[in-house]
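In: Okay, structure incoming, though there's no sequence with it:
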């Protein structure tokens, strides 16, 4: 794959910044669009420092059709990695309309702008939540899709829109990346997960307890049908995940009849599960973090959250076969890099860092 102009939506966020590092390290030209609703400018500044590379940035919401169209016309992307979206299960249950508006309407706005361009390579940040409560484990891409919460439903609707688009226009190459639970941070400790407000995900909550920002870890549900009663998930290191997005971009390019769009034959639309293939419980993750950090993580038992499932982990075989990708980093690296990030940035990104 040669050098591409890659548009990264939501590129100031947790997974977006780590993927941006990999995109720039591979020599590509990048432009980020982000409304900074759940991210901070300091994260992008640190990506520039880490990579010693420049990239474009537009602060805008994807639902701003005029701004998105102007960006696409000016940057002329050759591939898009689409992260931008709200992602908290509990919040989506409380505010489904906000989630559909942001995640689905924002994607439609982006696709309308791309329709007027030559760009037909698209990597979508989807989620394992599209599978709902699994019929069998590990979950492969043929597992029935049925969602358990509005957040998952927005991901499923976008997947269906992208599938219909690829069937209507065979020049598209669209990769749907259904990943499970990203954790960890860049090995430098300079970028990591820094959620606004109370964390909705396990690892940032654990690290904030370790630094004293939170008193204890809330364990939501201790009566699941799992070995220790707590929820089991497939945790994947964010660096592995970032590299998977780059592998997916590569997949969208290979075997095109006409590489630069036009009447070229695309790949169509295909889904890939990204995970380690191994489930880890909440208690196992807390104990692994204690071992790496040397900090005690007090626990508070709490009721189950609406929309959560007992166990969910991937069969990542298709990603290995077709993308040439597999997860390389294990639980120890996930915990160690998370602690390196949080201990060096106990309050997260500074507000005034540029």
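Out: Looks like it arrived, so ask away. In this text, all values refer to a predicted model and were calculated from it rather than measured experimentally. Numbering: from 1, shown residues only.
In: Please make it C-alpha for all contacts and neighbour counts, starting now.
Out: Fine.
In: Select the longest helix from this structure.
Out: Criterion DSSP state H: the longest helix present in the chain is helix 150-168.
In: residues of it that come out buried?
Out: For helix 150-168, the buried set under the neighbour-count rule, 16 or more other C-alpha atoms under 10 Å, comprises 150-156, 158-159, 161-163, 165-166.
In: mind listing the strands in the stretch 201-350 of the chain by residue range?
Out: Remark: strands assigned in the stretch 201-350 of the chain by DSSP state E, counting those that start in this stretch are 217-220, 232-233, 235-237, 268-274, 280-281, 299-302, 311-312.
In: List the neighbouring strands of the first one plus their orientation.
Out: If you go by DSSP bridges, strand 217-220 pairs up with strand 299-302 (parallel).
In: what do you get for the second one?
Out: Applying DSSP bridges to the sheet, strand 232-233 is found paired with strand 280-281 (antiparallel), strand 311-312 (parallel).
In: who's in contact with it?
Out: 180-181, 226, 278-282, 310-313 (C-alpha atoms under 8 Å, 6 or more residues apart in numbering).
In: ok so, going back, single out the most deeply packed of the strands of the stretch 201-350 of the chain.
Out: Scoring the strands of the stretch 201-350 of the chain by mean neighbour count under mean count of other C-alpha atoms under 10 Å gives strand 235-237 as the most buried, with a mean of 26.
In: Name every strand pairing with that strand and say which way it goes.
Out: Using DSSP bridges, the strands paired with strand 235-237 in its sheet are strand 181-183 (parallel).
In: ok, now how distant is residue 333 from residue 180?
Out: Residue 333 is 17 Å from residue 180, where distance means C-alpha to C-alpha, to the nearest Å.
In: higher neighbour count, these two?
Out: Neighbours were counted for residue 333 and for residue 180 using other C-alpha atoms under 10 Å; residue 180 has more, 23 against 17.
In: List the residues that contact the more buried one.
Out: Shown in contact with residue 180 (C-alpha under 8 Å, 6+ apart): 127-129, 233-236, 273-275, 312-314.
In: ok, these vs residue 191, which is closest?
Out: Residue 191 has its nearest neighbour among those in residue 236, at 16.5 Å by C-alpha to C-alpha.
In: hey, what's the closest one bridged with?
Out: According to DSSP bridges, the residues that bridge with residue 236 are residue 182.
In: Does it touch residue 181 like I think?
Out: Yes. Residue 236 is in contact with residue 181 according to C-alpha atoms under 8 Å; the separation is 5.8 Å.
In: re the thing from before, closest one of the contacts of residue 180 to residue 187?
Out: Distance to residue 187, by C-alpha to C-alpha, is smallest for residue 236 among the contacts of residue 180, at 14.7 Å.
In: and that closest one, what does it touch?
Out: Contact analysis of residue 236 by C-alpha under 8 Å, 6+ apart lists 180-183, 274-276, 327, 329-330, 334.
In: Try it again at 7 Å.
Out: Contacts of residue 236 were listed using C-alpha atoms under 7 Å, 6 or more residues apart in numbering, and they are 181-183, 275-276.
In: Just name the lowest-scoring one in those, pLDDT-wise.
Out: Minimum pLDDT for the contacts of residue 236 is recorded at residue 181 (93).
In: And the closest residue to that one other than its chain neighbours, what's its pLDDT?
Out: Leaving aside its chain neighbours, residue 181 sits nearest to residue 235 (4.6 Å; criterion: C-alpha to C-alpha, 6 or more residues apart in numbering). On the pLDDT scale, residue 235 is placed at 98.
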